[in-house]
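J.: Generate a structure from the sequence data that follows.
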Amino acid sequence: MPKTAMPQEIPTAAPGRLGLPRAAWLIGPALVAGVAYLDPGNVASNMTAGAIYGYLLVWVVVLGNVMAWLIQYLSAKLGIVTGRSLPEMLGARITNKWGRRLYWLQAELVAMATDIAEVIGGAVALNLLFNVPLLWGGIITGTVSICLLLLQSKRGPRTFEFVVIGLLAIIAIGFTFGVLVAPPDPAGVVAGLVPRFEGAGSVLLAASILGATIMPHAIYAHSALARDRFAPRALGVSTTTDAASRTGLEELRGISTTRLLRATRWDVTIAMIIAGTVNLCILLLAAANLAGVPGTQSLEGAYAALEAGLGPLVATLFAVGLLASGLASTSVGAYAGAEIMHGLLHVDVPLIVRRLVTLIPALFILAIGFDPTLALVLSQVVLSFGIPFALIPLVALTARRDVLGSFRNRAATTAAGIAASVFLIALNATLLWLVFAGA
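T.: Got it, this is the predicted structure:
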């Protein structure tokens, strides 16, 4: 098994506290990765859970967000300290050619499931807002995502982050406004914090929510995003093309790895607070206003019910948030897929080419008339089954001294990562048993 050089603390050139302007340049990678937690699959899973089971699965959203904080921080730490992404680390350590290819295959299937959810979500949003046919909506969503990827490749990571964070703000407004207009029942929310299920259907939705919250491709992507932003700082060179990123790297030079990791914890915290709040608001909006209303298990039905019950403004903001969600998350998903292929197969496929290829399954599903909401929920279940393949290696690598040196996980952190892995694997095993036992 190849050895990686043990990382060393990068000396700080300017001792003292990190000023706010300088610290602001550290914010971004987690917010971009956090968009993956607000993709259309999240919307479908949380809306369906609230419409069918009311407040029952509130605890799943909260627990998923807590686990996501730990997982995303470990992913960012790996990229910052080693200067390599998780797929790159695994590509170097899985020496068996077929083992590496099989691992890539499952990771690629997960990334494709993500692409399907995001393109379908954008298509549904365009249909709701402008009555665009679903197939053409998928084509438009894919085209816009290609434009965003061109921006990332031409202008560098910082400009790409600014655009995605702007879309994140639109997502947050679109999905939280309805809860402000029609607040949920406080007693119902508290009761929903008690862990429990009600049959196989609730377990399916719990797995879907977790798959949409702790997304495997976000784990792969965050380590690469952190590497792209901060590895040049460690090397003392600038590989970016946009002025904002070059200026940011000048600001970051001299910051110790310890301080950078501390700021990254804040970055992840901000991203997870936003993602967790929005996801919870989606479920609460459905639980408070759509529970028991016929037809609200679909995004189209939920939109119609929101328009009838809370007015066109709430429904329109919901659809706009769904559109922004599809556009932002599909770009991050394509970025993650390209990194997976590069790191595991050592093959560099242009982002645009990969985006065009991965559009095909989503457009096929839209063309044959398959239920878009069901496709979204099932895609999140696929993501849930891919979580252990990303999470277990992440926890194992970040616990090793020969990988992270003095920055390796503390025993409590590793224990928490193991507990999260065991819980997710047990949930998926329970889901399989319930589904096939009842078949």
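J.: Tell me the secondary structure of residue 409, please.
T.: coil (DSSP: H, G, I helix; E, B strand; the rest coil).
J.: Kindly provide the distance from it to residue 400.
T.: Using CB to CB, to the nearest Å, residue 409 is found at 9 Å from residue 400. The way it works is simple: take the backbone N, C-alpha and C, and place the C-beta from them, glycine included.
J.: For the two, indicate the residue with more neighbours.
T.: residue 409 (20 against 14; other CB atoms under 10 Å).
J.: still on that earlier bit, need the overlap of contacts for residue 409 and residue 400.
T.: Common contacts of residue 409 and residue 400 (CB atoms under 8 Å, 6 or more residues apart in numbering): none found.
J.: wait, what's in contact with the closest residue to residue 301 other than its chain neighbours?
T.: Counting by CB to CB, 6 or more residues apart in numbering, the nearest residue to residue 301 once its immediate chain neighbours are dropped is residue 295, at 3.6 Å. Residues in contact with residue 295 (CB under 8 Å, 6+ apart) are 301, 304, 305.
J.: Dump those into TSV; add neighbour count, pLDDT and secondary structure as well.
T.: Formatted as TSV, the contacts of residue 295 follow (neighbours: other CB atoms under 10 Å; pLDDT from 0 to 100; DSSP: H, G, I helix; E, B strand; the rest coil):
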residue	neighbour count	pLDDT	secondary structure
301	17	86	helix
304	16	90	helix
305	19	88	helix
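J.: would you turn those into JSON lines with distance to residue 174?
T.: As requested, the contacts of residue 295 are exported to JSON lines (distance: CB to CB, whole Å):
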{"residue": "301", "distance to residue 174": "18"}
{"residue": "304", "distance to residue 174": "17"}
{"residue": "305", "distance to residue 174": "16"}
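J.: Which member of those residues is positioned nearest residue 176?
T.: Nearest to residue 176, judged by CB to CB, of the contacts of residue 295 is residue 305 at 17.8 Å.
J.: how much space between the closest one and residue 133?
T.: Relative to residue 133, and taking CB to CB, residue 305 is found at 22 Å.
J.: cool, and residue 230?
T.: From residue 230 to residue 133 the distance is 43 Å (CB to CB).
J.: ok, the two, which is more surrounded?
T.: Higher neighbour count among residue 230 and residue 133: residue 230, with 25 against 12, using other CB under 10 Å.
J.: That one sits in which helix or strand?
T.: Residue 230 belongs to helix 216-235 when assigned by DSSP states H and E.
J.: repeat for residue 202
T.: Counting by DSSP H and E, residue 202 is found in helix 200-213.
J.: Give me the spatial nearest neighbour of residue 298, chain neighbours excluded.
T.: Closest to residue 298 by CB to CB, 6+ apart is residue 373, at 4.2 Å.
J.: next one: residue 195
T.: Spatially, and ignoring its direct neighbours in sequence, residue 195 is nearest to residue 59 (5.0 Å; CB to CB, 6+ apart).
J.: try residue 202
T.: Nearest non-adjacent residue to residue 202, counting by CB to CB, 6+ apart: residue 53, 5.7 Å away.
J.: Let me see the contact set for that neighbour.
T.: Applying CB under 8 Å, 6+ apart to residue 53 gives the contacts 198, 201, 202, 205, 287, 291.
J.: Tell me the buried residues within the residues you listed.
T.: When the contacts of residue 53 are checked for burial by 16 or more other CB atoms under 10 Å, the buried set is 202, 205, 287, 291.
J.: Please identify which of those residues is nearest to residue 158.
T.: For the buried ones among the contacts of residue 53, the residue nearest residue 158 by CB to CB is residue 205; the value is 37.5 Å.
J.: ok and the helix or strand hosting residue 121 relative to helix 216-235, angle-wise?
T.: Take DSSP H and E as the rule and residue 121 turns out to sit in helix 97-130. Calculated by axes from the mean of the first three to the mean of the last three CA atoms, to 10 degrees, helix 97-130 forms an angle of 110 degrees with helix 216-235.
J.: I'd like the next helix or strand past helix 97-130.
T.: Using DSSP H and E, the helix or strand that follows helix 97-130 in sequence is helix 134-155.
J.: Quick check: next helix or strand after that next one?
T.: helix 157-181.
J.: now the angle from that following helix to helix 134-155?
T.: Going by the same axes, to 10 degrees, helix 157-181 makes 140 degrees with helix 134-155.
J.: same for the helix or strand just after helix 157-181, what does it pack against?
T.: Once the chain leaves helix 157-181, the next helix or strand it forms, by DSSP H and E, is helix 186-191. Counting contacts by 3 or more CB pairs under 8 Å, 6 or more residues apart in numbering; DSSP states H and E, helix 186-191 packs against helix 257-289.
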